[in-house]
Every structure is written in C-alpha cells, then in structure tokens.
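Q: Just need the structure, nothing else, for what follows:
(chains A and B)
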Number of protein chains: 2
Amino acid sequence: MAVYTDVSDDALAAFLTEYDIGALVAFRGIAEGVENSNFSLRTTQGDYILTLYERRVDPADLPWFLALMRHLAAHGIACPLPVAGRDGAALRELCGRPAAVTTFLPGVWPRRVQVAHCTELGTKLAALHLAGQNFIPERPNALGIEAWPGLLARISADADRLRPGLYAEVTRALAICRDDWPAALPRGQIHADLFPDNVFFLDGALSGLIDFYFACTDFLAYDLAICLNAWCFEADMSFNLTKSRALLLAYQRHRPLDLAERAALPALCRGAALRFLLTRLFDWQNTPPGALVTPKNPLEYLHRLRFHLTTSSDRAYGL
Amino acid sequence: MAVYTDVSDDALAAFLTEYDIGALVAFRGIAEGVENSNFSLRTTQGDYILTLYERRVDPADLPWFLALMRHLAAHGIACPLPVAGRDGAALRELCGRPAAVTTFLPGVWPRRVQVAHCTELGTKLAALHLAGQNFIPERPNALGIEAWPGLLARISADADRLRPGLYAEVTRALAICRDDWPAALPRGQIHADLFPDNVFFLDGALSGLIDFYFACTDFLAYDLAICLNAWCFEADMSFNLTKSRALLLAYQRHRPLDLAERAALPALCRGAALRFLLTRLFDWQNTPPGALVTPKNPLEYLHRLRFHLTTSSDRAYGL
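A: Below you'll find the predicted structure:
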C-alpha cells in the first residue's frame, strides 16, 4: 500500500483549474496499489481517481497506456477512462510527476476467489482481447521472455538465502521455458497483470478492470496463463482445477483457443510463473528495510512454477 | 499510511447485512491514518468510513469515543457520526477487531497551513470545547502529564543516537514541566490530537474534524497548546506568530481564556511539545524495520520544546 508523493492543497487546486470537472469536494490517498500514488478525488461532478506515476513507470509509455484505456472503454470494457483537461490533454504533470485523472469504477476486489469469479474473469478477459484487436499501436512486453535472462542476471545467488538451491532451480526453469516457448501464437493487447486486486466485482458481476500499466502487445494466451497463476491456486498452493476450467471455458465461449495455443498452455503457465518469481525475487533482494511497500513472497511463485513443470498438456488445466 | 487488517469480501458482505445503509458499491483502503485501518465504503445510500480498531486503541474506550462523536455531531460539530446497525449498536466486530461505520466528511486536509486555516481552526476548536461542556462522562488523558514519567522510563538513553545529549535534555524538560504545570484550569472534553491531517477544509472553511481516538477530559487550554504546536511552526521549525495570534484570537471570540489559562500558555505548550516528543521517541525506538508506518521524526518536537522553553508569557504567542 502506498502513497509515495503527497499533493499539497495549493498544487491540487491549481491542477484542478486545468480541468472542467467541477469543484473539489474530497481527496484521500488510496492504500491499494504498489507502483504509483493513487488518490480518490471527489468533485461536485462526480468521483475520479488521480494517479501520479512514480519511478517504475516509463513516462514514454504513458501515452500508449492512456490511449489503450480510452480505446477499451470506447469498446465497452469497464476500465478507467482518462479524463482530458480543458486543453484536451489527459497526461499532465503534478508535483513533478506525470499525472492523470481517470473515471472511478465501482466494485470490490475479491479477497477470496470463488469459481464464479473465474467464470466472469474468463468472459471479460476474452472481451478485453477482442476489443484490443483493432488498437493498432504496439508496445513490446518489457517483462516478456526476452527480458527474463536479464532479470535473472540482476538476481544474485543470494536468492539461496530464501531457499537453498533456489538460484540453480530458477536458472534451470528459465532454460526449459526458453526451449519450449512457442514461436508464434495469436498476438494482441494484453493486460499482463490481471491479479484479483486489479478486478472489481459488484453483486457477482465483474464491474471493472484497473491498472493497465503493465499492458503490452504479446501472445493473448499468455494473459490467460497469468490469470491461471493468479486466480486458480489456493492459499496452500494447491491448484484448483475447477477454477481453471471455469476460467478457460468462459474465455473460449467468446474467443476459442486454437490448437497451438492449447498445446502451449503448460509452457505459457511456466513462463508466467517464472516472470513473477523473477520480479518478486528482484524486489525481495532490492527493497530497502523501512520501504513503504512490503515485498511479496517470491516462493508463492516457485510453488506455481513447480506445478506447471509437471504438466504436459492443456488437460492439466481442465480442457 | 496503513491498512493493517484486510477485510475479505465475504466478511464485508456479512457485516453489511447488519446495517440498513443500502447495498455495497465500492470499498477501498484509505492511505491516511496511523493507528487504525480505515476504508472508504460506498453504498447505494451514500458514503461512509469503516474503521477497524487496531491494537493501540483500548476497546474499553471505544464506547466513550463513539458517544462523544454522537454528542458533538448532535451539537453542530462537523465530526464523524457513528452509524448504528439494525440492532441499534454502532460498535461491532469485523475480522476479529472492534469496528464501526461512521459518516463520510467532505474536505481536504491542508498540507500547507495558512493563517486563514488557523483562524478557522480557532473558531471550531472553541465550538468543540463548548459543545463538549454538557457531555458528562470523563475519560482521563492516558497521555497526560501523569503519564510522561512512565513514557520517559520506556525510552532508553539510546535516544542519544538520534542526537547526543537528547535523553538528558528530555529528562530536564520533564522536570521543568512538572514544576510549572498548572494545578487547576477549566476542564472539558478535548480532541488532544488535532493535527492538520485530522482537519478538513472546503473552499477555505473548516468542513470536518476527524480521528477522536485520543480525545479525553483535560484542560481545555491544553488542546489549544497542542494546536499551537501542530499548526504554527514552519517547516524550518520557526514559530509563526501571525498564525498563533490568529488561532488564539479566533478561539477567544467564542471562549475567552481566563487569566490563569493565559498565564499557563507557555507551560501548556512545553507540555504538549514534550508529549509528542516522548511518544515519537518511543515509536522511533520501537518500530521494527519494514513496518507499514514510518515513524515520525521526534526532533521536530525537540525544536518546538526548545522554543517554548524560551517563552515566559502569553505575549510570546501573540496575546
């Protein structure tokens, strides 16, 4: 949880004069979120989210993210819609950081994932992928398979302090991932970070998808593999096949996977587990004590990776 | 900033069935706040704050706090109003912690205090004290002058790591405070923690006072001394006499200080500075690395204390 940059009342008042969204009513920091500073902003016209983009986001990528959200919102996806200032620009500056106002989405993220959540997620993930098909600009996946050797190189053998043999195990898993990685699959715009805390539900229905700041252009089925990792494991690290099947079947009702995608599912799931294991290991080794954010436990993704190393077909995922 | 306890969707849904406040629309953690976990809760009927009381609040004190807020709200003070469940009880339990829903207050707390804020604060602080006069139950100040020797005893000479000689300086200041402390002054219900982040403003007017979880029964002028410390020093620790005068004059328009209170102002200001210095020193020595909350710098209150040790009459504060 984090608000890294506080916004003075003077700076906020001056910033809001650049918009036509009514007068300030309330302004509170939001505890959720790890990468950026988020505030809930209420004006006489409604509710908004103000985001200050912190150092982990490349400012050069922000126009692409905002354009993607605008495109998706215009195509029926419940995602934050960037709000433009009077001059037409949505990307502005506040307290020395890039900043944007977006619309507020109702809903609550599911702390305890149920099968019905996975069905809803599968339906809306397919809709997201379909809506993204006619968004042309591409953004390479900066945390995709080409980036993993570089991530591994930045992690030291010190990882073995977390678990003896971990560094060697991750190194072997990376070699397996690179050997098995599919050469070509249907590509498009993916969210790439669709964890439960980025998905809101209201009365059982998915009401919003947020946090598009890892979105990129990559294999569509890789997004599904990220969701299988993030939504279908229980707290004891057991894999819930019922949730996996519900997610995949709901997805396929709107965008059926082709044979190559189905065959690649174990490899994609291994890759997705490895990606989060690598970035969490990096954060675990590089978060100074006393930081605002407590690093997430990398080992949760080691257990997922080990599971996916035992699978050999899409049947293991309920297809 | 802190949300110490996360609330699962199931637990929240079950909790809300105990209320008659509409259906859930949104639920987000609030970054502000150090002692308790706070969430902004929107329902189809409006906006609320859900607070889970964490370990620093004594559950036995909660009925008094909630009754005081109810009393003050009924007497025109813009403070959170506890919302009762269907059974009439406002104090309930959620995720193993005492919990309460209160009304949402509009406004933004001032990051940069202006003289006009101090005038508003003085007016509303006097109103708070007057409204509290017919609230009969008393709550002793657990962090009042009787508690300071005990607080000092829990701080070790290790404080000198922060500044050489600090421990001896604090020990001397405590002796001076005890010698000079007034025996009797007008008493009543005080907020006792009215820092800028507990006071909301909207269009220049004070729109809300929050966080009554240090409120207690003590000298009314001591509350004013806490505000003089919290609102009238600049970032470079210089004392802003214009702000102090504005605060005191506005207060006196509604509740004039008597001669004993005016004479005690230097002693009360020293005591208030010492109280926050002691608790911040304790937190600084006892916050584990990696805690959610970064301890506040104790030395800010050492500088204030030193200033108040140079004053000898209320003239130093602009009267």
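Q: Going by C-alpha atoms from here, please, whenever you check contacts or count neighbours.
A: Will do.
Q: what does the stretch 101-250 of chain A have sitting close to chain B?
A: Selection of the stretch 101-250 of chain A residues close to chain B by C-alpha under 8 Å from any C-alpha of the partner chain yields A:P106, A:G107, A:V108, A:W109, A:P110, A:R111, A:R112, A:L202.
Q: Surely the fourth one and A:F195 touch.
A: No - with contacts counted by C-alpha atoms under 8 Å, A:W109 stays clear of A:F195, the gap being 9.5 Å.
Q: Could I have the PyMOL command that selects the buried members from the residues of the stretch 101-250 of chain A next to chain B?
A: Remark: buried members of those, expressed as a PyMOL selection using 16 or more other C-alpha atoms under 10 Å in any protein chain shown:
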select buried, chain A and resi 106+107+108+109+110+202
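Q: Closest to A:N141 out of the residues of the stretch 101-250 of chain A next to chain B?
A: Of all these, A:N141 sits closest to A:W109, with 25.5 Å by C-alpha to C-alpha.
Q: for the helix or strand harbouring A:R178, which positions count as buried?
A: Using DSSP states H and E, A:R178 sits in helix A:166-180. Of the residues in helix A:166-180, A:L166, A:Y167, A:V170, A:A173, A:L174, A:C177 count as buried by neighbour count, 16+ other C-alpha under 10 Å.
Q: Adding pLDDT and secondary structure, write the residues of the stretch 101-250 of chain A next to chain B out as TSV.
A: As requested, those are exported to TSV (pLDDT from 0 to 100; DSSP: H, G, I helix; E, B strand; the rest coil):
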residue	pLDDT	secondary structure
A:P106	94	coil
A:G107	94	strand
A:V108	93	strand
A:W109	94	coil
A:P110	94	coil
A:R111	91	coil
A:R112	92	coil
A:L202	94	strand
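Q: Grab the CA positions of the helix or strand where A:A11 lies and hand them over as PDB.
A: Here A:A11 sits within helix A:9-16, counting by DSSP H and E. Output in PDB follows, covering the C-alpha atoms of helix A:9-16 (Å, rounded to 0.1, in the frame of the first residue of the first chain):
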ATOM      1  CA  ASP A   9      -3.700  21.600  -1.400                       C
ATOM      2  CA  ASP A  10      -2.300  24.500  -3.400                       C
ATOM      3  CA  ALA A  11      -0.900  22.200  -6.000                       C
ATOM      4  CA  LEU A  12      -4.100  20.200  -6.200                       C
ATOM      5  CA  ALA A  13      -6.200  23.400  -6.500                       C
ATOM      6  CA  ALA A  14      -4.000  24.700  -9.300                       C
ATOM      7  CA  PHE A  15      -4.100  21.300 -11.100                       C
ATOM      8  CA  LEU A  16      -7.900  21.100 -11.000                       C
END
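Q: Quick one: check that helix for contact with chain B.
A: Yes - under the criterion of C-alpha under 8 Å from any C-alpha, chain B is reached by helix A:9-16 at A:D9, A:D10.
Q: just how off-centre is that helix within its chain?
A: In terms of C-alpha atoms, centre = their mean, to the nearest Å, the centre of helix A:9-16 is found 30 Å from the chain centre.
Q: for it, which positions count as buried?
A: For helix A:9-16, by 16+ other C-alpha under 10 Å, it's A:D9, A:F15, A:L16.
Q: packing partners for it?
A: Helices and strands touching helix A:9-16, by 3 or more C-alpha pairs under 8 Å, 6 or more residues apart in numbering or on different chains; DSSP states H and E, are strand A:92-94.
Q: any idea of the mean pLDDT in the following helix or strand past the strand it packs on?
A: Going down the chain from strand A:92-94, the next helix or strand is strand A:97-103, by DSSP H and E. Mean per-residue pLDDT for strand A:97-103: 96.
Q: residues making contact with strand A:97-103?
A: Residues outside strand A:97-103 that contact it (C-alpha atoms under 8 Å, 6 or more residues apart in numbering or on different chains): A:47-54, A:59, A:80-84, A:90-93.
Q: what about 10 Å?
A: Defining contact as C-alpha atoms under 10 Å, 6 or more residues apart in numbering or on different chains, one finds that strand A:97-103 is touched by A:5, A:15-16, A:19, A:36-41, A:46-55, A:57-59, A:62, A:66, A:69-70, A:79-85, A:89-94.
Q: ok so, going back, I'd like the mean pLDDT over the helix holding A:A11, please.
A: 92.
Q: can you check stretch A:53-70 too?
A: In the prediction, stretch A:53-70 has an average pLDDT of 93.
Q: okay, now A:A159: neighbour count?
A: 19 (other C-alpha atoms under 10 Å in any protein chain shown).
Q: Could you look up the SS state of it?
A: Following DSSP: H, G, I helix; E, B strand; the rest coil, we place A:A159 in the helix state.
Q: do you know how far it is from A:R275?
A: Per C-alpha to C-alpha, to the nearest Å, A:A159 is found 15 Å from A:R275.
Q: same check, this time on A:L68
A: 23 Å.
Q: same thing with A:L241?
A: Taking C-alpha to C-alpha, one finds A:L241 at 22 Å from A:R275.
Q: cool, and A:E32?
A: Applying C-alpha to C-alpha to A:E32 and A:R275 gives a distance of 22 Å.
Q: where in chain A is pLDDT low?
A: A:1-3, A:288-294 (pLDDT under 70).
Q: residue nearest the centroid of it?
A: A:D193 (1.7 Å; C-alpha atoms, centre = their mean).
Q: doesn't A:F212 make contact with it?
A: Yes - counting by C-alpha atoms under 10 Å, A:F212 is a contact partner of A:D193 at 7.7 Å.
Q: contacting residues around stretch A:173-187?
A: A:129, A:133, A:145-146, A:148-149, A:152, A:167-168, A:170, A:217-222, A:257-261, A:263-272, A:274-275, A:278, A:305-306, A:309.
Q: again, only this time at 6 Å
A: With C-alpha atoms under 6 Å, 6 or more residues apart in numbering or on different chains as the test, stretch A:173-187 has contacts from A:D218, A:F219, A:L220.
Q: got TSV for the residues you listed, with neighbour count and secondary structure too?
A: TSV is the format used below for those (neighbours: other C-alpha atoms under 10 Å in any protein chain shown; DSSP: H, G, I helix; E, B strand; the rest coil):
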residue	neighbour count	secondary structure
A:D218	21	strand
A:F219	20	strand
A:L220	22	helix
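Q: Where does the nearest residue to A:G76 once chain neighbours are set aside sit: helix, strand or coil?
A: Closest residue to A:G76 apart from its sequence neighbours, by C-alpha to C-alpha, 6 or more residues apart in numbering or on different chains: A:A131 at 7.9 Å. Here A:A131 is recorded as helix under three-state DSSP.
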